[in-house]
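Chemist: whatever this is, show me its structure:
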Amino acid sequence: MSDYETIIGLEVHAQLKTLSKIFCSCSTQFGNDPNTNTCHICTGMPGVLPVLNKKAVEFAVKMSLALDCRVNPRSVFARKNYFYPDLPRGYQISQYEEPLAEHGHIKILSGKQEKDVGITRIHMEEDAGKSIHSPSEGLSYVDLNRSGVPLMEIVSEPDMRSPEEATAYLKALRSIMRYLDISDGNMEEGSFRCDANVSIRPRGRQEFGTRTEIKNLNSFRNVQKALEYEVARQMDLLEDREDVIRETRLFDPDKGITVSMRGKEEAHDYRYFPDPDLVPLLVDRDWIEKLEKELPELPMARQARFMSQYELPDEDAQVLTSERDLADYFEECVKLYQQPKTISNWVMTELLRELNQAGTGIRESNLSPQLLTGLLRMVDDGTISNKIAKSIFPEVFAQGVDPVKLVQDKGLTQISDSGALEGVVDEVIRDNPDEVRKYREGRKKLMSFFVGQVMKKTKGQANPGLVNAILNRKLG
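Modeler: Purely as a prediction, here's the structure:
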């Protein structure tokens, strides 16, 4: 065990999945041509007035409730002043002293350990534009399509003690957002971003060490790697009796290191003050209660129910409930075919493999619950073997074809005629006298060899149970 304890707090910025921006009616569609989703408001023209998007507030309130935060009846938008080319007004509209929500928590699973992580605050703000640098041209460009896209910032307490816990926290947050359908949580596209505050202290000491901030981490892997490197870097400094400097750092994924970017800003550096163009946001208690009733069953609760109701192992339940669409799909399958563990096995192996290879989600898949459960019934009633079912699964998945018709068209029906199989078994025994002798001398593990030979001769269509019975009888 290390002599030092790691302290990690995370600031997560999530783009809210609204159709229009937070203070104007411009589209939030990702991937459009640069500077086409813009207007005089989100480009910061003088004299324009912002108008708050109610749907963005609704989404942020739902997340606050899901994290057991206290939603403040009154919150205030403030101007966060700083200069950057992709911030045309010279300030960002955010919240500071009076945020939307405070004092929540979230349960995370890191390995087998469950832990509570405190949520300090949730506030709303607008996203900045995007700077695009072209080293080959020696030029930088500004795309303001992202300027004004609604953001929700979630600030954690410094409760995480390892990079693994930090990664588990991010995955848990992302899962809840996707369950609520308020953010797509796509780190690669920048709609789910993370800044990490990291410090270390000798074990047993109460006061925190000097912290550094790592900006704009854009994948779970990069979060893990950046935190591991930064913790090791700070330990090396303290071991060499050097000081950790309070600063902002960037992670270089190619080199796997963090590099200094600038000194760490303090709140006063941004000169926050209430935005005079926006009235205080008043959130009605009745509306909060209405939104609370609309919340779906959340991932941790659903995971616990899957374990109790369907008697699934915790690993299965954790995977199946990680995405709402996947959990819904599993439950639709169970309604049609009451063997939860069998369905879980197929979903977690065959289905997730095909989804990953296709780069798609279950909602876009051609494999309906009816098709999957129809395939499993054919295995149950002996029409096909489990091996044949797995061999045709990619085609059923890709084309959405009826497995019953596919099996008929390909002539893959399982051979369950004992007379026909006895002839094949006799042939296998006749062709492998040495293996027969060894089996009868006590090498019982050779049974799998004989079964495999029969399967090979029947192109995998022999009924495995019947083959085993015939072999046991003939081999003695």
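Chemist: how about the strands of the stretch 101-250 of the chain, start to end?
Modeler: 101-110, 113-126, 130-134, 139-143, 150-156, 192-202, 212-217, 247-252 (DSSP state E, counting those that start in this stretch).
Chemist: list the contacts of the last one.
Modeler: Outside of strand 247-252, the residues within contact range by Cβ atoms under 8 Å, 6 or more residues apart in numbering are 212-217, 222, 225-226, 229-230, 257-265. C-beta here means a position set from N, CA and C on the backbone, and glycine is covered the same way.
Chemist: go again with 6 Å.
Modeler: Contact partners of strand 247-252, identified using Cβ atoms under 6 Å, 6 or more residues apart in numbering, comprise 212-215, 222, 226, 258-264.
Chemist: would you mind giving the domain segments of the chain?
Modeler: 4-290, 297-402, 418-475 (automatic domain parsing).
Chemist: redo those as TSV? Include mean pLDDT.
Modeler: Below are the domains of the chain laid out as TSV (pLDDT from 0 to 100):
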stretch	mean pLDDT
domain 4-290	94
domain 297-402	95
domain 418-475	83
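Chemist: let's have those in TSV, adding distance to Gly411.
Modeler: Output for these, formatted as TSV (distance: least, Cβ to Cβ, whole Å):
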stretch	distance to Gly411
domain 4-290	43
domain 297-402	11
domain 418-475	8
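Chemist: quick one: these as CSV, columns for mean neighbour count and distance to Gln408 too.
Modeler: Shown next, in CSV, are these (neighbours: other Cβ atoms under 10 Å; distance: least, Cβ to Cβ, whole Å):
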stretch, mean neighbour count, distance to Gln408
domain 4-290, 17, 39
domain 297-402, 17, 9
domain 418-475, 15, 13
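Chemist: quick one, helices of the stretch 1-150 of the chain?
Modeler: 54-66 (DSSP state H, counting those that start in this stretch).
Chemist: contacts only, for Phe23.
Modeler: Phe23 neighbours (Cβ under 6 Å, 6+ apart): Ile41, Pro50, Gly148.
Chemist: of all the residues you listed, which comes closest to Asp286?
Modeler: Pro50 (26.0 Å; Cβ to Cβ).
Chemist: next, the contact list for the closest one, please.
Modeler: Applying Cβ under 6 Å, 6+ apart, the residues near Pro50 are Phe23, Asp277.
Chemist: okay, it and Gly104: tell me how far apart.
Modeler: Computed as Cβ to Cβ, to the nearest Å, the Pro50 to Gly104 distance reads 27 Å.
Chemist: got the angle for the helix ranked longest in the chain vs strand 247-252?
Modeler: For the chain, the helix that runs over the most residues, judged by DSSP state H, is helix 220-239. For helix 220-239 against strand 247-252, the angle by axes from the mean of the first three to the mean of the last three Cα atoms, to 10 degrees is 130 degrees.
Chemist: which elements pack onto helix 220-239?
Modeler: Using 3 or more Cβ pairs under 6 Å, 6 or more residues apart in numbering; DSSP states H and E as the contact criterion, the elements in contact with helix 220-239 are helix 163-180, strand 192-202, strand 212-217, strand 257-263.
Chemist: need those in a markdown table with distance to Lys293, can you?
Modeler: Shown next, in a markdown table, are those (distance: least, Cβ to Cβ, whole Å):
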| stretch | distance to Lys293 |
| --- | --- |
| helix 163-180 | 14 |
| strand 192-202 | 27 |
| strand 212-217 | 35 |
| strand 257-263 | 44 |
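Chemist: so which of those is nearest Ser27?
Modeler: Closest among the helices and strands packed on helix 220-239, once you apply Cβ to Cβ, is strand 192-202, at 19.5 Å.
Chemist: ok, the closest one: who's next to it in the sheet?
Modeler: Strand pairing for strand 192-202, using DSSP bridges, gives strand 4-15 (antiparallel), strand 212-217 (antiparallel).
Chemist: of the contacts of Phe23, which is the nearest to Pro280?
Modeler: Pro50 (14.0 Å).
Chemist: so how far is Gly361 from that closest one?
Modeler: For Pro50 relative to Gly361 (Cβ to Cβ), the value is 34 Å.
Chemist: circling back: tell me which of the domains of the chain sits nearest to Leu412.
Modeler: Counting by Cβ to Cβ, Leu412 lies closest to domain 297-402 out of the domains of the chain; the figure is 5.3 Å.
Chemist: now do the closest one: distance to the chain's middle.
Modeler: Relative to the chain's own centre, domain 297-402 is displaced by 18 Å; criterion: Cα atoms, centre = their mean, to the nearest Å.
Chemist: how far does it stretch from start to finish?
Modeler: End-to-end distance of domain 297-402: 32 Å, with Cα to Cα, to the nearest Å as the criterion.
Chemist: and the contacts of strand 247-252, which two are the farthest apart?
Modeler: Asn222 and Gly263 (23.0 Å).
Chemist: and the gap between Asn218 and Arg430?
Modeler: 64 Å.
Chemist: just give the nearest non-adjacent residue to Met300, would you?
Modeler: Lys107 (5.5 Å; Cβ to Cβ, 6 or more residues apart in numbering).
Chemist: compare the domains of the chain and give me the one nearest Asp409.
Modeler: Per Cβ to Cβ, nearest to Asp409 of these: domain 297-402, 9.0 Å.
Chemist: from what I see, Tyr91 and Ala78 are in contact.
Modeler: No - applying Cβ atoms under 6 Å as the test, Tyr91 and Ala78 come out as separate, 9.1 Å apart.
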